[in-house]
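Undergrad: When you get a sec, could you give me coordinates for this:
(2 chains)
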Amino acid sequence: MAAETGTPTTLTLKSNDDELFSVAESAAILSVTIRNMVEDGCAGGVIPLDNVDGKTLASVITYMNGISAIPADEEKKKSYRDKFLSDKDFETLADMVLAANYLNMSCLMDAVSAKIAQVMEKKSVGWVRRKFGIENDYTPEEEAAVKEEHKWTFEGVETDDDN
Amino acid sequence: MEIAEEHSRRRHKRSNGEQNNAVSVDRLSDLPDSVICHILSFLPTKFSVRTSILGQRWRFLWTYAPNLLFHNENPGTVDRVLSLHKLQDINTFRLTEWNDCNLYEIGAWITVAVQRNVRNVHIDLNFHVDLPRCLFTCKTLVDLSIEFYGAVPDVGIAVYLPRLKKLRLIHVDYEGDESLPHLISGCPVLEELLIHLFAGYYPFKISSPTVKRLTINFHSDGEGSDNHEYYDRLEIDTPGLVYLRLIDCANQHIKSWALDSLTEADIHICNDFKPRDDFRYYRSVVDFFDRLHNVKCLKLNLSCCTEIIDSVFTTWEINSFQSLTNLELITDCCFLSEFLENADNLEILILSKVC
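TA: Numbers count the residues shown, from 1 in each chain, chains lettered A, B, ... in the order given. Model prediction:
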C-alpha cells in the first residue's frame, strides 16, 4: 500500500472497449468496487471494468481525481460536483449513473441521480418514456385509471421538453 | 426489495426508431429497480408518484423511493401516499412551505415518519404547530431541520436524539428559556448546529462538547434599537468547534469559553443598538476576539459599527495570531496594522475599507 512505501500507488483500469487508464489508488478507491479488489489483492495488474466504456471511465476518473483533491469540506465538494455535472447531457448522465452504480461510488451516484431527477421533473411523460426507453404497455383504460388514481400529480405541472 | 424479479431486468424495445443515443437508451431501460428508486428519491414526491403513468413496471416503483418530499400538498394526498408507501424505513421526510392544514395531521405524519425509522426530517411551516413529542426522542434521526414556527419543547419534556449529527433551527419558537440548552444536551453526538433567531428572547447559551460547526444568526427585529428592554447575552461553550459563523445584531454581551480547535471563523458584528453598558460590552467583544487566536482563516466584518471599532481598537491588545494565514477585514484600516504585527504567517489579506 502507498502508506508503507511513501510513494503513491497507481492503478491501471481497463474499460470494456479496451482503453487503459492510470489513476492514483487513493482516488480510485472512492469506488467501493475497486477498493474491494485492491483489498483482496486483485489489483496487481490491470483492473478490468466490464460495464464501463472508455468515454465514461475517463469522465469518472476526472471526477475521482477532482473530488479527492478537495479536503474535507462538504460545501466545496458539492460545488465541485455541481460544476462537474453542469455541462453533461442526459445520455452522459445515464452512462454515469450506471457506472457509479457498478463502481459503487455513493457520492457520484447521489449527485448524478439528483441531476437526472432535476431534469426529469420538468419533462413530459412522453419525453421520459423516450429517454428511458420505456414502452407504454398500459392499455388506454389502464393508463386512464392510473392517471385518475394520481390525478393530483398532473395538476399545475408545466413541462419543458425542449431543453 | 419486493419488486417482482421479472421487472428488474426487463428490456423494452424502443418504439420510435430513434437512432441516436441508442446505447444509452437501451442501457437505461435496463436500469435495476434499485437505481430507478434511487433516482426517484431525489424527486419531490408529487413527481415520483407521477412516474407511475410511464408503464407497468413503473406503476409501484415510487412506493419504494426512500424519500418523501412534500411541498404544500392537499392533506388527503399525504395520507394516501403514506398508506401506499411500502418501505419500512424512510430516509428523508420533508414538508416545505406548508400553508394551512389541521395541526393534528402534521403531527400524525411526523409520527408515522418516526415510526418508520426516519433519518432526516425537514419541516418548513408557515404557521405555528406543536411538533409531536416523539420527534424529539427519535432514535434514528441524523439530520433535523425546523424552519419557522415549529416549537422546541421546554425542560421536563423528554429529549433524546442519540444519533443526531446535524440540527438547523431557523426562526423556531422555544417553549421556555431553557428549551435550547435542553435540546442540545439531548444530542450526544451533535456535530453541526445552525440557529437563526430574532433578537430579544433571553440569555442564549450554546454548550456542547461535540459540535464542530456552528452558525448563529441573530437578526434584529427591525423595530428600532434604543427601546429594547431586554438584555441579550450570548454564551458559547463548544471546545471542539472547528468552524464558527456568527452574525450578531443584538447581543449586549458575548462570552465564549476556549475555542482552541477553531480554524475558521466568520464574524459579523453589526449591533445597531446603544449598549446599556458600553465598557462591559466592548470588553466582552475584545475577550471574544481573543478566543479566536488559533484560527487559520478569519473574516471579520465590523463595517456597521464604527463605535465598536474605536473602542475595540483602543482597548484591545491583540494576542498573537500565529496560525492565521487568510484574513479578510471589513472594517476601519486602523485594525490592519495590529493584525499584521501579530500574524506572522499571514499569506492572504483581503481588505474592504469602511466608507
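Undergrad: drop to CA atoms for contacts and neighbour counts, all remaining ones
TA: Fine.
Undergrad: which residues touch B:D287?
TA: Going by Cα atoms under 8 Å, 6 or more residues apart in numbering or on different chains, B:D287 touches B:K255.
Undergrad: And it, how far from A:E121?
TA: 51 Å (Cα to Cα, to the nearest Å).
Undergrad: Strands of the stretch 151-300 of chain B, residue ranges please.
TA: In the stretch 151-300 of chain B, the strands defined using DSSP state E, counting those that start in this stretch lie at B:151-152, B:166-170, B:173-174, B:192-198, B:204-207, B:213-219, B:233-237, B:243-248, B:253-256, B:264-269, B:297-301.
Undergrad: okay if I get those as a markdown table plus mean neighbour count and distance to chain A?
TA: Listed next are those as a markdown table, based on neighbours: other Cα atoms under 10 Å in any protein chain shown; distance: least, Cα to the nearest Cα, whole Å:
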| stretch | mean neighbour count | distance to chain A |
| --- | --- | --- |
| strand B:151-152 | 22 | 28 |
| strand B:166-170 | 21 | 13 |
| strand B:173-174 | 18 | 28 |
| strand B:192-198 | 18 | 12 |
| strand B:204-207 | 18 | 23 |
| strand B:213-219 | 20 | 11 |
| strand B:233-237 | 17 | 23 |
| strand B:243-248 | 19 | 11 |
| strand B:253-256 | 20 | 25 |
| strand B:264-269 | 20 | 12 |
| strand B:297-301 | 20 | 14 |
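Undergrad: Turn the ones you listed into TSV, including mean pLDDT.
TA: Listed next are the strands of the stretch 151-300 of chain B as TSV, based on pLDDT from 0 to 100:
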stretch	mean pLDDT
strand B:151-152	84
strand B:166-170	95
strand B:173-174	85
strand B:192-198	91
strand B:204-207	87
strand B:213-219	90
strand B:233-237	87
strand B:243-248	92
strand B:253-256	84
strand B:264-269	92
strand B:297-301	90
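Undergrad: what about the ones you listed, which gets the closest to B:H122?
TA: strand B:166-170 (9.0 Å; Cα to Cα).
Undergrad: what pairs with that closest one, and is each one parallel or antiparallel?
TA: Sheet pairing here is set by DSSP bridges, and for strand B:166-170 it gives strand B:143-147 (parallel), strand B:192-198 (parallel).
Undergrad: tell me the angle of that strand relative to strand B:213-219?
TA: With axes from the mean of the first three to the mean of the last three Cα atoms, to 10 degrees applied, the angle from strand B:166-170 to strand B:213-219 works out at 0 degrees.
Undergrad: B:S83: neighbour count?
TA: If you count neighbours by other Cα atoms under 10 Å in any protein chain shown, B:S83 ends up with 11.
Undergrad: Using the three-state scheme, assign residue 94.
TA: You didn't say which chain, so I picked chain A. When classified by DSSP: H, G, I helix; E, B strand; the rest coil, A:A94 comes out as helix.
Undergrad: My question was about chain B, not that one.
TA: Using three-state DSSP, the structure places B:R94 in strand.
Undergrad: What residues sit buried inside stretch B:156-166?
TA: The neighbour-count check on stretch B:156-166 (16 or more other Cα atoms under 10 Å in any protein chain shown) flags B:159-166 as buried.
Undergrad: next one: stretch B:108-116
TA: Neighbour-count burial for stretch B:108-116 [16+ other Cα under 10 Å]: B:109-111, B:113-115.
Undergrad: Might you specify the subset of those located within helices?
TA: Secondary structure assignment by DSSP state H places B:109-111, B:113-115 of these in helices.
Undergrad: can you give me the helices in chain A?
TA: For chain A, the helices defined by DSSP H cover A:2-5, A:25-28, A:32-39, A:54-68, A:74-86, A:90-103, A:106-121, A:125-132, A:140-149.
Undergrad: residues in chain A within reach of chain B, list them.
TA: Residues of chain A lying close to chain B by Cα under 8 Å from any Cα of the partner chain are A:91-92, A:94-95, A:98, A:101, A:110, A:113-114, A:116-118, A:121, A:125, A:128-138, A:143, A:146-147, A:150, A:152-154.
Undergrad: Show the low-confidence segments of chain A, by residue range.
TA: A:1-7, A:43-44, A:161-163 (pLDDT under 70).
Undergrad: In contact with A:A117, which residues?
TA: Neighbouring residues of A:A117 by Cα under 8 Å, 6+ apart: B:39-40, B:42-43.
Undergrad: Might you list the low-confidence residue ranges for chain B?
TA: By pLDDT under 70, the weakly predicted segments of chain B are B:1-28, B:100, B:102, B:199-203, B:220-232, B:271-277, B:304-316, B:332-335, B:353-355.
Undergrad: Domain map for it?
TA: B:30-65, B:69-197, B:203-207+B:231-354 (the TED database).
Undergrad: The ones you listed into TSV, with extra columns for distance to A:F84?
TA: Formatted as TSV, those follow (distance: least, Cα to Cα, whole Å):
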stretch	distance to A:F84
domain B:30-65	18
domain B:69-197	25
domain B:203-207+B:231-354	26
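Undergrad: of all those domains, which gets the most neighbours per residue?
TA: Of those, the one with the most neighbours on average (mean count of other Cα atoms under 10 Å in any protein chain shown) is domain B:30-65, at a mean of 22.
Undergrad: rewinding a little: looking at the ones in helices among the buried residues of stretch B:108-116, which is nearest A:S59?
TA: B:A113 (38.2 Å).
Undergrad: Kindly export stretch B:285-304 (C-alpha atoms) in PDB.
TA: Extracted C-alpha coordinates of stretch B:285-304, given in PDB (Å, rounded to 0.1, in the frame of the first residue of the first chain):
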ATOM      1  CA  VAL B 285     -16.200  41.700  22.300                       C
ATOM      2  CA  VAL B 286     -12.500  42.000  22.900                       C
ATOM      3  CA  ASP B 287     -12.400  38.900  25.000                       C
ATOM      4  CA  PHE B 288     -14.400  37.100  22.400                       C
ATOM      5  CA  PHE B 289     -11.900  38.100  19.700                       C
ATOM      6  CA  ASP B 290      -9.100  36.800  21.800                       C
ATOM      7  CA  ARG B 291     -10.700  33.400  21.800                       C
ATOM      8  CA  LEU B 292     -10.200  33.200  18.000                       C
ATOM      9  CA  HIS B 293      -6.400  33.200  18.400                       C
ATOM     10  CA  ASN B 294      -5.900  29.800  16.800                       C
ATOM     11  CA  VAL B 295      -7.800  30.400  13.600                       C
ATOM     12  CA  LYS B 296      -6.300  29.900  10.100                       C
ATOM     13  CA  CYS B 297      -9.000  31.800   8.200                       C
ATOM     14  CA  LEU B 298     -10.700  34.800   9.700                       C
ATOM     15  CA  LYS B 299     -13.300  37.000   8.200                       C
ATOM     16  CA  LEU B 300     -14.100  39.900  10.400                       C
ATOM     17  CA  ASN B 301     -16.900  42.300   9.400                       C
ATOM     18  CA  LEU B 302     -17.300  45.300  11.700                       C
ATOM     19  CA  SER B 303     -18.500  47.600   9.000                       C
ATOM     20  CA  CYS B 304     -21.700  48.600  10.700                       C
END
